[in-house]
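[1] Pasting the sequence and the predicted model now:
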Amino acid sequence: MAEQPVLLAAVTLLSALHLGYLAGRVGKARKKHTIVPPSVTGPPEFERTFRAHQNCVEFYPVFLVVLWTSGIFFSEVLAAVLGLIYIYSRQMYFDGYTVSVKDRMPGFSLSIGLVFTLAGLGAAGVLNGILDEYFDINVRKMISKW
Amino acid sequence: MAEQPVLLAAVTLLSALHLGYLAGRVGKARKKHTIVPPSVTGPPEFERTFRAHQNCVEFYPVFLVVLWTSGIFFSEVLAAVLGLIYIYSRQMYFDGYTVSVKDRMPGFSLSIGLVFTLAGLGAAGVLNGILDEYFDINVRKMISKW
Amino acid sequence: MAEQPVLLAAVTLLSALHLGYLAGRVGKARKKHTIVPPSVTGPPEFERTFRAHQNCVEFYPVFLVVLWTSGIFFSEVLAAVLGLIYIYSRQMYFDGYTVSVKDRMPGFSLSIGLVFTLAGLGAAGVLNGILDEYFDINVRKMISKW
(Lines give C-alpha, C1' and ligand atoms only; values in the text may rest on other atoms or scores of the structure.)
Protein backbone atom coordinates (compact mmCIF):
# COMPACT_ATOMS: atom_id res chain seq x y z
CA MET A 1 0.00 0.00 0.00
CA ALA A 2 1.12 3.53 -0.76
CA GLU A 3 1.66 5.90 2.18
CA GLN A 4 -1.76 7.40 1.51
CA PRO A 5 -4.30 5.10 -0.18
CA VAL A 6 -4.80 7.56 -3.07
CA LEU A 7 -6.05 4.94 -5.53
CA LEU A 8 -8.76 3.76 -3.12
CA ALA A 9 -9.66 7.39 -2.46
CA ALA A 10 -9.88 8.10 -6.21
CA VAL A 11 -12.11 5.06 -6.90
CA THR A 12 -14.25 5.90 -3.84
CA LEU A 13 -14.72 9.50 -4.97
CA LEU A 14 -15.61 8.31 -8.46
CA SER A 15 -18.11 5.79 -7.08
CA ALA A 16 -19.77 8.49 -4.92
CA LEU A 17 -20.08 10.84 -7.90
CA HIS A 18 -21.48 7.94 -9.92
CA LEU A 19 -24.13 7.29 -7.26
CA GLY A 20 -24.98 11.01 -7.33
CA TYR A 21 -25.26 10.78 -11.11
CA LEU A 22 -27.71 7.86 -10.79
CA ALA A 23 -29.76 9.94 -8.33
CA GLY A 24 -29.84 12.63 -11.03
CA ARG A 25 -31.10 10.03 -13.53
CA VAL A 26 -34.04 9.33 -11.20
CA GLY A 27 -34.69 13.09 -11.11
CA LYS A 28 -34.76 13.13 -14.92
CA ALA A 29 -37.12 10.13 -14.98
CA ARG A 30 -39.40 12.09 -12.59
CA LYS A 31 -39.53 14.97 -15.08
CA LYS A 32 -40.02 12.68 -18.10
CA HIS A 33 -43.00 10.92 -16.50
CA THR A 34 -44.12 14.00 -14.47
CA ILE A 35 -43.97 12.14 -11.16
CA VAL A 36 -44.04 14.87 -8.51
CA PRO A 37 -42.20 14.08 -5.25
CA PRO A 38 -42.78 12.60 -2.72
CA SER A 39 -44.53 10.05 -4.98
CA VAL A 40 -42.36 7.08 -5.93
CA THR A 41 -44.95 5.23 -8.00
CA GLY A 42 -45.89 5.63 -11.66
CA PRO A 43 -45.45 3.87 -14.99
CA PRO A 44 -43.28 0.71 -14.91
CA GLU A 45 -40.31 2.45 -16.56
CA PHE A 46 -40.20 5.06 -13.78
CA GLU A 47 -40.57 2.45 -11.04
CA ARG A 48 -37.75 0.38 -12.51
CA THR A 49 -35.50 3.44 -12.68
CA PHE A 50 -36.39 4.35 -9.08
CA ARG A 51 -35.71 0.81 -7.78
CA ALA A 52 -32.47 0.58 -9.77
CA HIS A 53 -31.13 3.60 -7.88
CA GLN A 54 -32.48 2.31 -4.55
CA ASN A 55 -30.68 -1.00 -5.03
CA CYS A 56 -27.42 0.81 -5.82
CA VAL A 57 -27.89 2.86 -2.62
CA GLU A 58 -28.59 -0.28 -0.56
CA PHE A 59 -25.39 -1.95 -1.74
CA TYR A 60 -23.17 1.13 -1.72
CA PRO A 61 -21.95 0.96 1.91
CA VAL A 62 -21.35 -2.78 1.52
CA PHE A 63 -19.23 -2.01 -1.57
CA LEU A 64 -17.26 0.69 0.29
CA VAL A 65 -16.51 -1.68 3.16
CA VAL A 66 -15.24 -4.52 0.98
CA LEU A 67 -13.31 -2.08 -1.26
CA TRP A 68 -11.42 -0.57 1.69
CA THR A 69 -10.84 -3.74 3.70
CA SER A 70 -9.43 -5.52 0.64
CA GLY A 71 -7.53 -2.38 -0.42
CA ILE A 72 -5.94 -1.72 2.98
CA PHE A 73 -5.34 -5.31 4.11
CA PHE A 74 -4.78 -7.14 0.82
CA SER A 75 -3.83 -5.08 -2.27
CA GLU A 76 -4.67 -1.47 -3.04
CA VAL A 77 -4.14 -1.76 -6.81
CA LEU A 78 -6.23 -4.94 -7.15
CA ALA A 79 -9.05 -3.50 -5.02
CA ALA A 80 -9.01 -0.25 -7.01
CA VAL A 81 -9.26 -2.13 -10.33
CA LEU A 82 -12.11 -4.35 -9.06
CA GLY A 83 -13.77 -1.20 -7.65
CA LEU A 84 -13.70 0.44 -11.07
CA ILE A 85 -15.31 -2.66 -12.60
CA TYR A 86 -17.94 -2.50 -9.82
CA ILE A 87 -18.86 1.07 -10.83
CA TYR A 88 -19.14 -0.15 -14.43
CA SER A 89 -21.29 -3.14 -13.34
CA ARG A 90 -23.67 -0.78 -11.51
CA GLN A 91 -24.00 1.36 -14.64
CA MET A 92 -24.78 -1.83 -16.62
CA TYR A 93 -27.34 -2.82 -13.97
CA PHE A 94 -28.98 0.61 -13.94
CA ASP A 95 -29.16 0.94 -17.74
CA GLY A 96 -30.43 -2.63 -18.06
CA TYR A 97 -33.10 -2.14 -15.39
CA THR A 98 -34.46 0.97 -17.14
CA VAL A 99 -34.98 -1.19 -20.24
CA SER A 100 -36.57 -4.23 -18.58
CA VAL A 101 -36.65 -6.20 -15.33
CA LYS A 102 -34.73 -9.04 -16.95
CA ASP A 103 -32.01 -6.80 -18.39
CA ARG A 104 -30.92 -5.77 -14.89
CA MET A 105 -29.46 -9.23 -14.26
CA PRO A 106 -26.08 -9.23 -16.10
CA GLY A 107 -24.95 -6.05 -14.32
CA PHE A 108 -26.39 -7.24 -11.01
CA SER A 109 -24.66 -10.64 -11.15
CA LEU A 110 -21.35 -9.00 -12.05
CA SER A 111 -21.67 -6.50 -9.17
CA ILE A 112 -22.48 -9.26 -6.66
CA GLY A 113 -19.55 -11.34 -7.92
CA LEU A 114 -17.25 -8.36 -7.40
CA VAL A 115 -18.59 -7.74 -3.88
CA PHE A 116 -17.88 -11.38 -2.97
CA THR A 117 -14.41 -11.26 -4.55
CA LEU A 118 -13.52 -8.06 -2.69
CA ALA A 119 -15.01 -9.50 0.50
CA GLY A 120 -12.90 -12.65 0.11
CA LEU A 121 -9.71 -10.63 -0.41
CA GLY A 122 -10.65 -8.37 2.51
CA ALA A 123 -11.36 -11.35 4.79
CA ALA A 124 -8.00 -12.94 3.88
CA GLY A 125 -6.21 -9.65 4.54
CA VAL A 126 -7.99 -8.89 7.81
CA LEU A 127 -7.47 -12.46 9.08
CA ASN A 128 -3.78 -12.14 8.26
CA GLY A 129 -3.77 -8.82 10.12
CA ILE A 130 -5.41 -10.34 13.22
CA LEU A 131 -3.01 -13.32 13.21
CA ASP A 132 -0.07 -10.90 12.88
CA GLU A 133 -1.32 -8.38 15.45
CA TYR A 134 -2.66 -10.64 18.18
CA PHE A 135 -0.93 -14.00 17.62
CA ASP A 136 2.35 -12.87 16.06
CA ILE A 137 1.81 -15.15 13.07
CA ASN A 138 2.63 -13.50 9.73
CA VAL A 139 1.16 -15.68 6.98
CA ARG A 140 2.43 -13.46 4.15
CA LYS A 141 6.00 -13.72 5.33
CA MET A 142 5.62 -17.49 5.74
CA ILE A 143 4.31 -17.79 2.19
CA SER A 144 7.07 -15.63 0.70
CA LYS A 145 9.70 -17.67 2.63
CA TRP A 146 8.41 -20.89 1.12
CA MET B 1 -5.43 0.84 19.45
CA ALA B 2 -3.43 -1.66 17.43
CA GLU B 3 -1.21 -0.33 14.63
CA GLN B 4 -3.89 -1.28 12.14
CA PRO B 5 -7.47 -1.38 13.46
CA VAL B 6 -7.89 -5.03 12.43
CA LEU B 7 -10.68 -5.77 14.91
CA LEU B 8 -12.77 -2.84 13.65
CA ALA B 9 -12.06 -3.93 10.09
CA ALA B 10 -13.15 -7.50 10.90
CA VAL B 11 -16.41 -6.40 12.57
CA THR B 12 -17.08 -3.94 9.72
CA LEU B 13 -16.55 -6.62 7.08
CA LEU B 14 -18.82 -8.99 9.01
CA SER B 15 -21.52 -6.31 9.32
CA ALA B 16 -21.35 -5.58 5.57
CA LEU B 17 -21.69 -9.27 4.72
CA HIS B 18 -24.56 -9.48 7.20
CA LEU B 19 -26.34 -6.59 5.44
CA GLY B 20 -25.78 -8.37 2.13
CA TYR B 21 -27.26 -11.54 3.67
CA LEU B 22 -30.37 -9.58 4.74
CA ALA B 23 -30.69 -8.25 1.17
CA GLY B 24 -30.62 -11.89 0.06
CA ARG B 25 -33.42 -12.67 2.55
CA VAL B 26 -35.56 -10.01 0.83
CA GLY B 27 -34.77 -11.69 -2.49
CA LYS B 28 -35.96 -15.02 -1.06
CA ALA B 29 -39.14 -13.37 0.26
CA ARG B 30 -39.73 -12.04 -3.28
CA LYS B 31 -39.57 -15.58 -4.64
CA LYS B 32 -41.74 -17.03 -1.87
CA HIS B 33 -44.51 -14.49 -2.45
CA THR B 34 -43.78 -14.11 -6.20
CA ILE B 35 -43.30 -10.34 -5.96
CA VAL B 36 -41.59 -9.37 -9.23
CA PRO B 37 -39.24 -6.35 -9.02
CA PRO B 38 -39.54 -3.37 -9.12
CA SER B 39 -42.68 -3.91 -6.99
CA VAL B 40 -42.12 -3.51 -3.27
CA THR B 41 -45.70 -4.14 -2.17
CA GLY B 42 -47.49 -7.39 -1.48
CA PRO B 43 -48.73 -9.47 1.43
CA PRO B 44 -47.92 -8.09 4.93
CA GLU B 45 -45.18 -10.66 5.55
CA PHE B 46 -43.31 -9.55 2.43
CA GLU B 47 -43.74 -5.85 3.25
CA ARG B 48 -42.45 -6.41 6.79
CA THR B 49 -39.40 -8.27 5.43
CA PHE B 50 -38.77 -5.51 2.89
CA ARG B 51 -39.05 -2.73 5.49
CA ALA B 52 -36.86 -4.67 7.95
CA HIS B 53 -34.03 -4.63 5.40
CA GLN B 54 -34.68 -0.97 4.51
CA ASN B 55 -34.42 0.04 8.16
CA CYS B 56 -31.13 -1.86 8.51
CA VAL B 57 -29.84 -0.03 5.41
CA GLU B 58 -30.96 3.36 6.78
CA PHE B 59 -29.09 2.83 10.05
CA TYR B 60 -26.02 1.13 8.60
CA PRO B 61 -23.89 4.23 7.86
CA VAL B 62 -24.84 5.65 11.27
CA PHE B 63 -23.61 2.40 12.82
CA LEU B 64 -20.35 2.47 10.87
CA VAL B 65 -19.66 6.05 11.95
CA VAL B 66 -20.23 5.41 15.67
CA LEU B 67 -18.32 2.09 15.49
CA TRP B 68 -15.23 3.74 13.99
CA THR B 69 -15.24 6.98 15.98
CA SER B 70 -15.56 5.03 19.25
CA GLY B 71 -13.08 2.40 18.05
CA ILE B 72 -10.40 4.85 16.91
CA PHE B 73 -10.82 7.53 19.59
CA PHE B 74 -11.98 5.51 22.60
CA SER B 75 -11.33 1.74 22.61
CA GLU B 76 -11.02 -0.61 19.65
CA VAL B 77 -11.79 -3.79 21.61
CA LEU B 78 -14.88 -2.32 23.32
CA ALA B 79 -16.21 -0.89 20.05
CA ALA B 80 -15.61 -4.21 18.28
CA VAL B 81 -17.51 -6.16 20.96
CA LEU B 82 -20.44 -3.69 20.91
CA GLY B 83 -20.35 -3.84 17.11
CA LEU B 84 -20.74 -7.62 17.18
CA ILE B 85 -23.73 -7.26 19.50
CA TYR B 86 -25.16 -4.66 17.08
CA ILE B 87 -25.01 -7.19 14.22
CA TYR B 88 -26.79 -9.69 16.48
CA SER B 89 -29.43 -7.07 17.44
CA ARG B 90 -30.11 -6.40 13.74
CA GLN B 91 -30.59 -10.12 13.13
CA MET B 92 -33.03 -10.21 16.09
CA TYR B 93 -34.83 -7.17 14.67
CA PHE B 94 -35.05 -8.66 11.17
CA ASP B 95 -36.23 -12.08 12.33
CA GLY B 96 -38.73 -10.49 14.71
CA TYR B 97 -40.10 -8.16 12.04
CA THR B 98 -40.71 -11.04 9.62
CA VAL B 99 -42.89 -12.62 12.35
CA SER B 100 -44.89 -9.54 13.38
CA VAL B 101 -44.67 -5.76 13.62
CA LYS B 102 -44.48 -5.96 17.40
CA ASP B 103 -41.72 -8.58 17.43
CA ARG B 104 -39.33 -6.16 15.74
CA MET B 105 -39.09 -4.06 18.91
CA PRO B 106 -36.65 -6.02 21.18
CA GLY B 107 -33.98 -6.14 18.48
CA PHE B 108 -34.68 -2.54 17.44
CA SER B 109 -34.40 -1.18 21.00
CA LEU B 110 -31.16 -3.09 21.57
CA SER B 111 -29.69 -1.78 18.29
CA ILE B 112 -30.63 1.83 19.13
CA GLY B 113 -29.17 1.46 22.63
CA LEU B 114 -25.91 0.21 21.10
CA VAL B 115 -25.81 3.11 18.61
CA PHE B 116 -26.23 5.60 21.47
CA THR B 117 -23.58 3.82 23.59
CA LEU B 118 -21.08 3.79 20.71
CA ALA B 119 -21.95 7.42 19.91
CA GLY B 120 -21.32 8.40 23.54
CA LEU B 121 -17.95 6.64 23.60
CA GLY B 122 -17.10 8.17 20.23
CA ALA B 123 -18.09 11.67 21.37
CA ALA B 124 -15.97 11.31 24.53
CA GLY B 125 -12.99 10.09 22.48
CA VAL B 126 -13.31 12.74 19.77
CA LEU B 127 -13.76 15.54 22.35
CA ASN B 128 -10.62 14.29 24.11
CA GLY B 129 -8.87 14.29 20.74
CA ILE B 130 -9.92 17.88 19.98
CA LEU B 131 -8.87 19.10 23.46
CA ASP B 132 -5.52 17.35 23.01
CA GLU B 133 -4.93 18.47 19.42
CA TYR B 134 -6.10 22.07 19.52
CA PHE B 135 -5.96 23.05 23.21
CA ASP B 136 -3.13 20.82 24.44
CA ILE B 137 -5.33 19.39 27.18
CA ASN B 138 -5.02 15.62 27.58
CA VAL B 139 -7.94 14.43 29.71
CA ARG B 140 -6.86 10.77 29.66
CA LYS B 141 -3.42 11.59 31.04
CA MET B 142 -5.02 13.82 33.71
CA ILE B 143 -7.35 10.98 34.74
CA SER B 144 -4.56 8.40 34.87
CA LYS B 145 -2.43 10.85 36.94
CA TRP B 146 -5.21 11.23 39.49
CA MET C 1 -4.00 17.82 8.57
CA ALA C 2 -3.78 17.10 12.29
CA GLU C 3 -2.17 13.80 13.35
CA GLN C 4 -5.64 12.37 13.87
CA PRO C 5 -8.42 13.92 11.79
CA VAL C 6 -10.43 14.86 14.90
CA LEU C 7 -12.41 17.64 13.23
CA LEU C 8 -13.58 15.34 10.44
CA ALA C 9 -14.43 12.70 13.05
CA ALA C 10 -16.43 15.28 15.07
CA VAL C 11 -18.40 16.51 12.03
CA THR C 12 -18.97 12.91 10.90
CA LEU C 13 -20.26 11.87 14.32
CA LEU C 14 -22.54 14.93 14.42
CA SER C 15 -23.86 14.15 10.92
CA ALA C 16 -24.60 10.54 11.89
CA LEU C 17 -26.48 11.63 15.02
CA HIS C 18 -28.35 14.17 12.87
CA LEU C 19 -29.40 11.41 10.46
CA GLY C 20 -30.56 9.36 13.46
CA TYR C 21 -32.53 12.38 14.68
CA LEU C 22 -34.26 12.68 11.27
CA ALA C 23 -35.15 8.95 11.48
CA GLY C 24 -36.72 9.78 14.84
CA ARG C 25 -38.72 12.57 13.19
CA VAL C 26 -40.18 10.01 10.78
CA GLY C 27 -41.09 7.88 13.81
CA LYS C 28 -42.91 10.87 15.34
CA ALA C 29 -44.71 11.52 12.04
CA ARG C 30 -45.83 7.86 12.09
CA LYS C 31 -47.36 8.40 15.54
CA LYS C 32 -48.96 11.73 14.61
CA HIS C 33 -50.69 10.26 11.55
CA THR C 34 -51.05 6.74 13.05
CA ILE C 35 -49.19 5.06 10.16
CA VAL C 36 -48.34 1.60 11.48
CA PRO C 37 -45.11 0.05 10.08
CA PRO C 38 -44.32 -1.44 7.60
CA SER C 39 -46.66 0.96 5.76
CA VAL C 40 -44.89 3.96 4.22
CA THR C 41 -47.93 5.56 2.65
CA GLY C 42 -50.46 7.94 4.15
CA PRO C 43 -51.43 11.62 4.09
CA PRO C 44 -49.15 13.88 1.97
CA GLU C 45 -47.46 15.40 5.05
CA PHE C 46 -46.37 11.96 6.23
CA GLU C 47 -45.19 10.91 2.79
CA ARG C 48 -43.17 14.12 2.41
CA THR C 49 -41.56 13.54 5.83
CA PHE C 50 -40.77 9.93 4.92
CA ARG C 51 -39.23 10.87 1.55
CA ALA C 52 -37.26 13.71 3.12
CA HIS C 53 -35.51 11.19 5.38
CA GLN C 54 -35.04 8.70 2.54
CA ASN C 55 -33.34 11.35 0.41
CA CYS C 56 -31.02 12.26 3.29
CA VAL C 57 -30.15 8.54 3.65
CA GLU C 58 -29.52 8.19 -0.11
CA PHE C 59 -27.06 11.09 -0.11
CA TYR C 60 -25.40 10.35 3.22
CA PRO C 61 -22.63 7.97 2.01
CA VAL C 62 -21.92 10.34 -0.90
CA PHE C 63 -21.54 13.17 1.64
CA LEU C 64 -19.21 11.09 3.83
CA VAL C 65 -16.99 10.22 0.88
CA VAL C 66 -16.59 13.82 -0.34
CA LEU C 67 -16.15 15.08 3.25
CA TRP C 68 -13.30 12.67 3.95
CA THR C 69 -11.53 12.82 0.60
CA SER C 70 -11.51 16.64 0.69
CA GLY C 71 -10.64 16.64 4.41
CA ILE C 72 -7.74 14.18 4.12
CA PHE C 73 -6.33 15.24 0.75
CA PHE C 74 -7.16 18.95 0.63
CA SER C 75 -7.96 20.74 3.91
CA GLU C 76 -9.41 19.29 7.11
CA VAL C 77 -10.64 22.62 8.50
CA LEU C 78 -12.32 23.69 5.25
CA ALA C 79 -13.98 20.29 4.80
CA ALA C 80 -15.19 20.30 8.41
CA VAL C 81 -16.75 23.77 8.02
CA LEU C 82 -18.45 22.82 4.74
CA GLY C 83 -19.58 19.57 6.40
CA LEU C 84 -21.25 21.52 9.21
CA ILE C 85 -23.06 23.67 6.63
CA TYR C 86 -24.13 20.45 4.87
CA ILE C 87 -25.77 19.18 8.08
CA TYR C 88 -27.54 22.53 8.37
CA SER C 89 -28.65 22.36 4.69
CA ARG C 90 -30.14 18.90 5.28
CA GLN C 91 -32.09 20.22 8.29
CA MET C 92 -33.38 23.08 6.08
CA TYR C 93 -34.31 20.55 3.40
CA PHE C 94 -36.09 18.26 5.85
CA ASP C 95 -38.02 21.05 7.58
CA GLY C 96 -38.93 22.61 4.22
CA TYR C 97 -40.11 19.29 2.80
CA THR C 98 -42.43 18.65 5.77
CA VAL C 99 -44.09 22.02 4.96
CA SER C 100 -44.44 21.60 1.19
CA VAL C 101 -42.80 19.95 -1.83
CA LYS C 102 -41.56 23.34 -3.07
CA ASP C 103 -40.05 24.34 0.27
CA ARG C 104 -37.59 21.45 0.11
CA MET C 105 -35.67 23.16 -2.71
CA PRO C 106 -33.53 25.82 -0.94
CA GLY C 107 -32.03 23.26 1.45
CA PHE C 108 -31.67 20.69 -1.32
CA SER C 109 -29.86 23.07 -3.68
CA LEU C 110 -27.53 24.18 -0.90
CA SER C 111 -26.73 20.55 0.02
CA ILE C 112 -26.01 19.62 -3.62
CA GLY C 113 -23.79 22.69 -4.03
CA LEU C 114 -21.83 21.63 -0.94
CA VAL C 115 -21.45 18.05 -2.21
CA PHE C 116 -20.05 19.36 -5.52
CA THR C 117 -17.72 21.80 -3.73
CA LEU C 118 -16.40 19.07 -1.42
CA ALA C 119 -16.10 16.69 -4.40
CA GLY C 120 -14.10 19.31 -6.32
CA LEU C 121 -11.73 19.87 -3.40
CA GLY C 122 -11.44 16.11 -2.89
CA ALA C 123 -10.73 15.49 -6.59
CA ALA C 124 -8.03 18.19 -6.58
CA GLY C 125 -6.46 16.71 -3.45
CA VAL C 126 -6.61 13.10 -4.62
CA LEU C 127 -5.23 14.02 -8.06
CA ASN C 128 -2.36 15.84 -6.35
CA GLY C 129 -1.83 12.74 -4.19
CA ILE C 130 -1.71 10.44 -7.23
CA LEU C 131 0.71 12.75 -9.10
CA ASP C 132 2.91 12.88 -6.00
CA GLU C 133 2.72 9.16 -5.20
CA TYR C 134 3.02 7.61 -8.64
CA PHE C 135 4.62 10.31 -10.81
CA ASP C 136 6.70 12.17 -8.23
CA ILE C 137 5.07 15.48 -9.18
CA ASN C 138 4.10 17.64 -6.18
CA VAL C 139 1.75 20.35 -7.43
CA ARG C 140 1.38 21.99 -4.00
CA LYS C 141 5.11 22.45 -3.63
CA MET C 142 5.34 23.81 -7.17
CA ILE C 143 2.58 26.34 -6.43
CA SER C 144 4.14 27.43 -3.14
CA LYS C 145 7.54 27.84 -4.90
CA TRP C 146 6.00 30.12 -7.50
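    Here it is on my side, so go on.

[2] Please, which helix or strand holds the residue most central in space within chain A?
    Chain A has residue A:63 as the residue nearest its centroid, 3.7 Å off, counting by C-alpha atoms, centre = their mean. For residue A:63, the host element (DSSP states H and E) is helix A:44-73.

[3] Tell me the buried residues in that helix?
    Of the residues in helix A:44-73, those buried by neighbour count under the rule 16 or more other C-beta atoms under 10 Å in any protein chain shown are A:45-73. Every residue, glycine included, has its C-beta placed from N, CA and C.

[4] what about that helix, near chain B?
    Yes: against chain B, helix A:44-73 shows contacts by C-beta under 8 Å from any C-beta of the partner chain at A:44, A:47-48, A:50-52, A:57-59, A:61-62, A:65-66, A:69, A:72-73.

[5] Let me know the average pLDDT across the helix or strand just after that helix.
    For helix A:44-73, the succeeding helix or strand toward the C-terminus, using DSSP H and E, is helix A:76-99. For helix A:76-99, the mean pLDDT works out to 98.

[6] before we move on, what about stretch A:45-60?
    The predicted model assigns stretch A:45-60 a mean pLDDT of 97.

[7] Same question for stretch A:106-124.
    Mean pLDDT, stretch A:106-124: 98.

[8] Enumerate the positions of that stretch that are buried.
    Of the residues in stretch A:106-124, those scored as buried under the neighbour-count criterion (16+ other C-beta under 10 Å) are A:107-108, A:110-112, A:114-115, A:117-119, A:121-124.

[9] same thing with stretch A:15-33?
    Of the residues in stretch A:15-33, A:15-20, A:22-23, A:25-26, A:29-30 count as buried by neighbour count, 16+ other C-beta under 10 Å.

[10] follow-up on the earlier one: how far off helix A:76-99 does the helix holding residue A:63 point, in degrees?
    170 degrees (axes from the mean of the first three to the mean of the last three C-alpha atoms, to 10 degrees).

[11] For chain A, list the residues in contact with chain B, please.
    Within chain A, the positions adjacent to chain B are A:44, A:47-48, A:50-52, A:57-59, A:61-62, A:65-66, A:69, A:72-73, A:97, A:101, A:104, A:115, A:119, A:122-123, A:126-127, A:129-130, A:133-134 by C-beta under 8 Å from any C-beta.

[12] Excluding chain neighbours, what is closest to residue A:46?
    Leaving aside its chain neighbours, residue A:46 sits nearest to residue A:33 (4.5 Å; criterion: C-beta to C-beta, 6 or more residues apart in numbering or on different chains).

[13] my bad, residue A:122
    On the basis of C-beta to C-beta, 6+ apart, the spatially nearest residue to residue A:122 that is not a chain neighbour turns out to be residue A:69, at 3.3 Å.

[14] again with residue A:108
    In space, and not counting its chain neighbours, residue A:108 is closest to residue A:93: 4.9 Å by C-beta to C-beta, 6+ apart.

[15] Touching, the one you found and residue A:53? I think so.
    No: in this structure, residue A:93 is not within contact of residue A:53 by C-beta atoms under 8 Å, at 10.3 Å.

[16] Isn't the residue nearest to residue A:122 up against residue B:11?
    No: no contact is recorded between residue A:69 and residue B:11 when judged using C-beta under 8 Å, the distance being 10.7 Å.
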